[in-house]
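A.B. asks: whatever this is, show me its structure:
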Amino acid sequence: MKNKFIFPILLLAVWMPLQNSAAETANPFTPPDFPAPNFPDQTYNVKDSGATGGGIINDTPAINAAIEKCNSAGGGTVIFPAGKYAAGSIHLKSNVRLLLDKAAVISGLAGAFEAAEPNPFSKYQDRGHSHFHDSLIYGEDVENVAIIGGQINGGGGAIGHGDPKPGNGDKLISIRTGRNLDFENITHEKGGHFCYLLNDCTGVTLKGVVIKESRDAVDLMGCSDVQIHDCNFTGCVDDTIGVKSDYALGRKINSANIYVWDSYFESGCNGLQFGSETAGDFHNVNFWNIKIGRAMKAGIGITSGDGAVIDDVNYSNIVVKGAACPIYFLIWDRLRTGEPDAKVGTIKHVHLQNVTITDCAAGRQGPVQTSAIAGWKNSSFEDITFEDVKINYPGGATNAAAADIVPPYPKDYSPHSFGPRPASGFYIRHVKELTFKNVEITFDQPDARPAFVVSDADGLTFDNVKTQKSTAGETLRLENVSRFTVQNSPGLADRKAEKIIAQAKE
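C.D. replies: Okay, the predicted model is just below:
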């Protein structure tokens with residue numbers, strides 16, 4: 001599959017090519033309405049192929065026979081009447097739509113799954129990402145595929161969150177290289193390691209999908225032209241929306257043109273997340289009108305650890321409650337990729353607007369952590385803007401000497417890896433062109449640390465920034481900051497493009 005999808009002429013104004021700059025991109029918060037796959041009118045009933053729908057007998061052979069018959073005839077719709085279909089390793093085929101009655105359930109059957117296929121590139125990602133055949137439903141090199149309606153569940157012990165036993169699985173739906181994929185109005189009462197693992201897929205729609213339990217909800221691995229909307233993901237132990245790119249297919253695969261909107265998510269890990277797998281680059285990724293009710297690592301996370309350039313990312317109208325770390329942006333140097341010339345990546349052109357984060361709560365890794373924007377030693381963040389952003393922290397830190405802490409360069413991507421933060425609002429290092437405009441940071445209890453600690457910044461702007469001074473009397477602690485501008489910010493002196501070399505406090 002190519003990393004760029006070629007669209008009709010009329011759509012060029014909306015979906016810009018990968019090489020275009022962020023300034024040339026159309027409104028990032030306009031639904032793209034990617035075209036849905038079309039199917040011939042002919043239908044095939046799985047019961048005509050021998051499926052029982054009784055929930056006990058293995059219906060996999062009958063389901064696969066119906067799909068094969070539909071595909072061989074040029075495509076159409078495979079119908080699942082009301083019933084419970086016990087199965088494992090259903091094979092998706094091109095030009096086939098699975099249409100489930102509202103009372104139809106496809107459920108994993110222990111012992112019915114194919115073994116995980118060999119993967120010579122498995123050392124570059126976790127086991128679950130490296131295999132596809134150990135899924136309830138999987139497809140390889142497919143196009144024009146849809147699954148509509150009903151329920152698709154892991155079953156009692158057939159699909160788990162970890163490595164599966166022989167004959168069992170760890171994923172509900174996985175696709176290795178696909179084009180024009182449509183998943184609508186499906187409920188997943190119980191997932192697995194993933195509900196959806198999509199690798200190298202172009203033209204993907206998830207609409208009206210409900211996930212009530214899983215480890216990861218949706219992992220987009222090197223995917224382009226994706227729209228996810230009107231979804232509800234809760235009970236996720238790990239990420240809800242994971243925008244990622246691994247090396248499972250033996251090559252670097254870029255991601256572009258991803259749109260997520262009008263949805264509600266709860267996560268035992270990260271609400272909206274890039275990585276940790278970041279072997280390929282990312283361009284034009286957009287989130288808006290999203291509520292996050294729980295995020296036990298980070299509410300909004302962007303990490304580049306395997307060499308990715310993450311470029312042109314936009315958030316608007318995001319409400320986060322219950323985050324253990326409100327915002328966590330990190331560049332680091334794992335470089336888990338088969339690319340021989342891989343080097344540390346970068347993150348640039350990120351814009352957050354109308355973001356509200358409240359009710360921060362302790363998570364999987366301990367107490368609430370301060371937001372961080374942390375570049376690497378020789379790789380800075382570039383052009384990052386926070387506009388109309390409000391964050392409320394519990395506060396309460398009493399040790400003013402904590403402001404002297406210099407966090408280590410972390411060995412993993414989790415917010416906990418920094419250890420204690422010197423700042424109460426944002427810890428920042430290695431950035432170029434960082435703007436805070438109409439930003440308010442508040443605390444339930446007074447905090448002894450300065451709100452902002454910044455080290456190595458070139459182009460730092462505070463415009464109408466409101467926060468509390470620490471109990472030690474500091475708001476800012478700066479070191480090696482060039483072109484520092486402050487205006488309209490209560491309690492802070494106005495500045496214009498000042499340069500600060502030695503550590504300064506205010």
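A.B. asks: show me where the stretch 251-400 of the chain has strands.
C.D. replies: Using DSSP state E, counting those that start in this stretch, the strands of the stretch 251-400 of the chain run over 255-267, 270-278, 282-295, 298-304, 309-321, 327-331, 346-358, 371-374, 381-395.
A.B. asks: of those strands, which approaches Gly155 most closely?
C.D. replies: Gly155 sits nearest to strand 255-267 of all the strands of the stretch 251-400 of the chain, at 22.8 Å, using CB to CB. In short, each C-beta sits where N, CA and C put it, glycine included.
A.B. asks: what angle separates that closest one from strand 282-295?
C.D. replies: Counting by axes from the mean of the first three to the mean of the last three CA atoms, to 10 degrees, strand 255-267 lies at 0 degrees to strand 282-295.
A.B. asks: how about strand 255-267: buried residues?
C.D. replies: 255-261, 263-267 (16 or more other CB atoms under 10 Å).
A.B. asks: shaky segments in the protein?
C.D. replies: By pLDDT under 70, the low-scoring segments of the chain are 1-25.
A.B. asks: remind me, longest strand of it?
C.D. replies: strand 426-445 (DSSP state E).
A.B. asks: would you mark the buried spots in that strand?
C.D. replies: Buried residues in strand 426-445 (16+ other CB under 10 Å): 426-441, 443.
A.B. asks: ok but Asp48 is inside a helix, no?
C.D. replies: Yes: counting by DSSP: H, G, I helix; E, B strand; the rest coil, Asp48 falls inside a helix.
A.B. asks: what about it, distance to Leu92?
C.D. replies: According to CB to CB, to the nearest Å, Asp48 and Leu92 sit 19 Å apart.
A.B. asks: and Gly473, by the same measure?
C.D. replies: Per CB to CB, Gly473 is found 63 Å from Leu92.
A.B. asks: now the strands of the stretch 251-400 of the chain as JSON lines including distance to Thr30?
C.D. replies: As requested, the strands of the stretch 251-400 of the chain are arranged in JSON lines below (distance: least, CB to CB, whole Å):
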{"stretch": "strand 255-267", "distance to Thr30": "8"}
{"stretch": "strand 270-278", "distance to Thr30": "19"}
{"stretch": "strand 282-295", "distance to Thr30": "9"}
{"stretch": "strand 298-304", "distance to Thr30": "21"}
{"stretch": "strand 309-321", "distance to Thr30": "11"}
{"stretch": "strand 327-331", "distance to Thr30": "25"}
{"stretch": "strand 346-358", "distance to Thr30": "15"}
{"stretch": "strand 371-374", "distance to Thr30": "27"}
{"stretch": "strand 381-395", "distance to Thr30": "19"}
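A.B. asks: out of these, the one nearest Gly128 is which?
C.D. replies: strand 270-278 (11.0 Å).
A.B. asks: and the angle for that closest one with strand 309-321?
C.D. replies: Counting by the same axes, to 10 degrees, strand 270-278 lies at 160 degrees to strand 309-321.
A.B. asks: chain center to strand 270-278: distance?
C.D. replies: Computed by CA atoms, centre = their mean, to the nearest Å, the chain-centroid distance of strand 270-278 equals 5 Å.
A.B. asks: likewise stretch 191-209?
C.D. replies: Taking mean C-alpha positions (CA atoms, centre = their mean), stretch 191-209 and its chain are 12 Å apart.
A.B. asks: send me that stretch as CSV with only the CA atoms.
C.D. replies: These are the backbone C-alpha positions of stretch 191-209, laid out as CSV (Å, rounded to 0.1, in the frame of the first residue of the first chain):
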residue,chain,number,x,y,z
GLY,A,191,-12.6,-6.8,23.9
GLY,A,192,-9.0,-8.1,24.2
HIS,A,193,-5.5,-6.8,23.8
PHE,A,194,-7.1,-4.7,21.0
CYS,A,195,-10.6,-4.3,19.8
TYR,A,196,-9.3,-2.9,16.5
LEU,A,197,-5.7,-3.3,15.3
LEU,A,198,-5.4,-1.7,11.8
ASN,A,199,-2.0,-1.7,10.2
ASP,A,200,-1.3,0.0,6.9
CYS,A,201,-4.9,0.8,6.2
THR,A,202,-6.2,3.7,4.1
GLY,A,203,-9.8,5.0,4.0
VAL,A,204,-11.1,3.9,7.4
THR,A,205,-14.4,4.8,9.0
LEU,A,206,-15.5,4.0,12.6
LYS,A,207,-18.9,5.4,13.3
GLY,A,208,-21.2,4.8,16.3
VAL,A,209,-18.9,2.1,17.7
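A.B. asks: does anything pack onto the helix or strand just after the longest strand of the chain? Which helices or strands?
C.D. replies: Per DSSP states H and E, the first helix or strand lying C-terminal to strand 426-445 is strand 452-466. If you count contacts as 3 or more CB pairs under 8 Å, 6 or more residues apart in numbering; DSSP states H and E, strand 452-466 packs onto strand 426-445, strand 476-487.
A.B. asks: partners of the longest one, with directions?
C.D. replies: Right, strand 426-445. Strand 426-445 has the following strand partners under DSSP bridges: strand 371-374 (parallel), strand 381-395 (parallel), strand 452-466 (parallel).
A.B. asks: any idea how far it is from the chain center?
C.D. replies: Centroid displacement of strand 426-445 relative to its chain, using CA atoms, centre = their mean, is 22 Å.
A.B. asks: which phi and psi does Ser122 have?
C.D. replies: phi -70, psi -20 (degrees, to the nearest 10).
A.B. asks: surely it touches Ser130?
C.D. replies: Yes: Ser122 is within contact range of Ser130, at 4.0 Å (criterion: CB atoms under 8 Å).
A.B. asks: so what sits against both of these two?
C.D. replies: Common contacts of Ser122 and Ser130, defined by CB atoms under 8 Å, 6 or more residues apart in numbering, comprise Ala248.
A.B. asks: so which of those two has more stuff around it?
C.D. replies: Ser130 (21 against 15; other CB atoms under 10 Å).
A.B. asks: burial of Asp33, as a residue count?
C.D. replies: Residues near Asp33, counting by other CB under 10 Å: 11.
A.B. asks: and Asn27, by the same measure?
C.D. replies: Counted with other CB under 10 Å, Asn27 comes out at 8.
A.B. asks: the longest helix in the protein is where?
C.D. replies: The helix that spans the most residues within the chain, counting by DSSP state H, is helix 60-72.
A.B. asks: ok, Gly473 and Leu92, which is more surrounded?
C.D. replies: Leu92 (23 against 11).
A.B. asks: got the contact list for the more buried one?
C.D. replies: 67, 98, 137-139, 142, 145, 175.
A.B. asks: secondary structure, distance to Lys499 and neighbour count added to the residues you listed, as CSV?
C.D. replies: Converted to CSV, the contacts of Leu92 look like this (DSSP: H, G, I helix; E, B strand; the rest coil; distance: CB to CB, whole Å; neighbours: other CB atoms under 10 Å):
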residue, secondary structure, distance to Lys499, neighbour count
Ile67, helix, 66, 22
Leu98, strand, 62, 27
Ile137, strand, 58, 25
Tyr138, strand, 57, 25
Gly139, strand, 57, 25
Val142, strand, 57, 22
Val145, strand, 57, 25
Ile175, strand, 52, 26
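A.B. asks: circling back: how about the CA coordinates for the longest helix of the chain, as CSV?
C.D. replies: Below are the C-alpha coordinates for helix 60-72, written out as CSV (Å, rounded to 0.1, in the frame of the first residue of the first chain):
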residue,chain,number,x,y,z
THR,A,60,-16.3,-20.4,11.9
PRO,A,61,-16.2,-22.8,8.9
ALA,A,62,-19.8,-21.8,7.9
ILE,A,63,-19.1,-18.1,8.3
ASN,A,64,-15.9,-18.3,6.2
ALA,A,65,-17.7,-20.4,3.6
ALA,A,66,-20.4,-17.7,3.2
ILE,A,67,-17.7,-14.9,3.0
GLU,A,68,-15.8,-16.9,0.4
LYS,A,69,-18.9,-17.5,-1.7
CYS,A,70,-19.8,-13.8,-1.6
ASN,A,71,-16.3,-12.8,-2.5
SER,A,72,-16.0,-15.3,-5.4
